[in-house]
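Student: Need a 3D model of the following:
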Amino acid sequence: MATGLQYALVGGALLGLGVALLIWRLSPSSPDVVDVVRRYSPEGVKERATLRTSTVEASSQIDRVGLWAMKRLPTNWWGKTPTKELALLRRPVHRHYGKKVLYALTGLVMPPLITYFFAVLGMPMPFIIPTGASIVLAIVLFFAPDFDVRADARKARAEFNRALGAYTDLVALERLGGSGSRQAMELAAEVGDNWVFQRISEELQRSRWKGEAPWDALHALADELGLPDLDDLADIMRLSGEGSQVYGNLRARSASMRSAMLNDELARANAINERMSMPMALLGVVFMVIIIAPTLLRVV
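Tutor: Predicted coordinates:
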């Protein structure tokens, strides 16, 4: 059980932390140059616009917590936010921040609750164990959504590249049929009904409304989502807009994309095969021990 000295130490630590946070809040500080540049960059402007529009649309508790955290907490507390991955998955940044905050609070609360449960059963723990466990678990769960987003984004990028190979072939066929560059890209995007074709179609329609070239729109989309294959397709279509022959380049690009995906699948299959060989070898060793053990026991 906790003693009076331990309670006094915890109370003094909390009081000192409160005074330190109050002084830190009231003392003037010089602005962070990197943060200022990021706020006035196109990504920062888009993030602030999203924050203003999302304030009205926030309906769930996670959204409200995320909006509050984005307004109140310092920017450098979040670490490196996977903005490209979130844009690819179409998940709002404030929802991601809200999930991080709620996960961290869950990590802070769980060890004391478990400690209280064991104390009720008559098995008290030292005070330092739940305190350290709360800090470690809160830090781990705070960064857990980042790993989840990056894992989901890797799967989404693989799916995007598979659909992009089919889209490239469709654009090549449209160009072979005599369609112009924009018309070929738009008609090819209307063929598929999955999210990849819909995303490309939305970007092409937006470029038509804005009066910009479709390959420039695909360049911007590739930079925003981190898709180098889409950027290569935009380069090929830009050259086709200048009058060069594009059918062969598009077919060669789609073939190289399929070859790269096939090599990745083969490498993944080989890795899985190697992981499966170790349990099989261990099972063989156990089987041999079972066979040899009776003979050795009779000899002894």
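Student: Who are the packing partners of the helix or strand Leu102 falls within?
Tutor: Per DSSP states H and E, Leu102 falls inside helix 93-120. When contacts are defined as 3 or more Cβ pairs under 8 Å, 6 or more residues apart in numbering; DSSP states H and E, helix 93-120 sits against helix 42-57, helix 61-72, helix 83-89, helix 128-176. Every C-beta, even on glycine, is put in place using the N, C-alpha and C of the backbone.
Student: winner for burial among those?
Tutor: Highest mean neighbour count of the helices and strands packed on helix 93-120: helix 83-89, a mean of 19 (counted as mean count of other Cβ atoms under 10 Å).
Student: what's the spacing between stretch 285-300 and its chain's center?
Tutor: Computed by Cα atoms, centre = their mean, to the nearest Å, the separation of stretch 285-300 from the middle of its chain amounts to 52 Å.
Student: for stretch 274-281, same thing?
Tutor: Computed by Cα atoms, centre = their mean, the chain-centroid distance of stretch 274-281 equals 31 Å.
Student: same deal with stretch 129-149?
Tutor: The gap between where stretch 129-149 is centred and where its chain is centred comes out at 17 Å by Cα atoms, centre = their mean.
Student: and what of stretch 231-239?
Tutor: In this view, stretch 231-239 has its centroid 27 Å away from the chain centroid, taken as Cα atoms, centre = their mean.
Student: Offset the numbering so it begins at 40, please.
Tutor: All set: I'll call the first residue 40, so the last point we hit is now stretch 270-278.
Student: list the buried ones in that stretch?
Tutor: Buried residues in stretch 270-278, counted by 16 or more other Cβ atoms under 10 Å: 270-277.
Student: Between those residues, which sits nearest Gly323?
Tutor: Set against Gly323, the nearest of the buried residues of stretch 270-278 by Cβ to Cβ is Asp271 (47.4 Å).
Student: How about that closest one, nearest residue that isn't a chain neighbour?
Tutor: Nearest non-adjacent residue to Asp271, counting by Cβ to Cβ, 6 or more residues apart in numbering: Arg292, 6.3 Å away.
Student: What helices and strands are in contact with the lengthiest helix in the chain?
Tutor: Longest helix of the chain, by residue count under DSSP state H: helix 286-338. Counting contacts by 3+ Cβ pairs under 8 Å, 6+ apart, helix 286-338 packs against helix 167-215, helix 267-280.
Student: Now Leu144: closest residue in space, sequence neighbours ignored.
Tutor: Excluding the flanking residues, the one nearest Leu144 by Cβ to Cβ, 6+ apart is Ala177, at 7.6 Å.
Student: ugh, wrong one, I meant Thr207
Tutor: Ser293 (4.1 Å).
Student: can you check Arg277 too?
Tutor: Trp254 (4.2 Å).
Student: Then Ala202?
Tutor: In space, Ala202 is closest to Val235, 3.7 Å off (Cβ to Cβ, 6+ apart).
Student: Give me the distance from the helix or strand harbouring that neighbour to the chain's centre.
Tutor: Assessed by DSSP H and E, Val235 sits inside helix 234-249. For helix 234-249, the distance from its own C-alpha centre to the chain's C-alpha centre is 23 Å (Cα atoms, centre = their mean).
Student: buried sites along that helix?
Tutor: Counting neighbours by 16+ other Cβ under 10 Å, helix 234-249 gives 235-236, 238-240, 242-243, 246 as buried.
Student: If we only consider those, which is nearest to Val104?
Tutor: Among the buried residues of helix 234-249, Arg238 lies closest to Val104 (Cβ to Cβ), at 28.5 Å.
Student: can you pull the contacts of the residue nearest to the closest one when sequence neighbours are not counted?
Tutor: Sequence neighbours aside, Leu260 is the residue nearest to Arg238 in space, at 7.5 Å (criterion: Cβ to Cβ, 6+ apart). By Cβ atoms under 8 Å, 6 or more residues apart in numbering, the contact list for Leu260 reads 238-239, 242, 266, 269.
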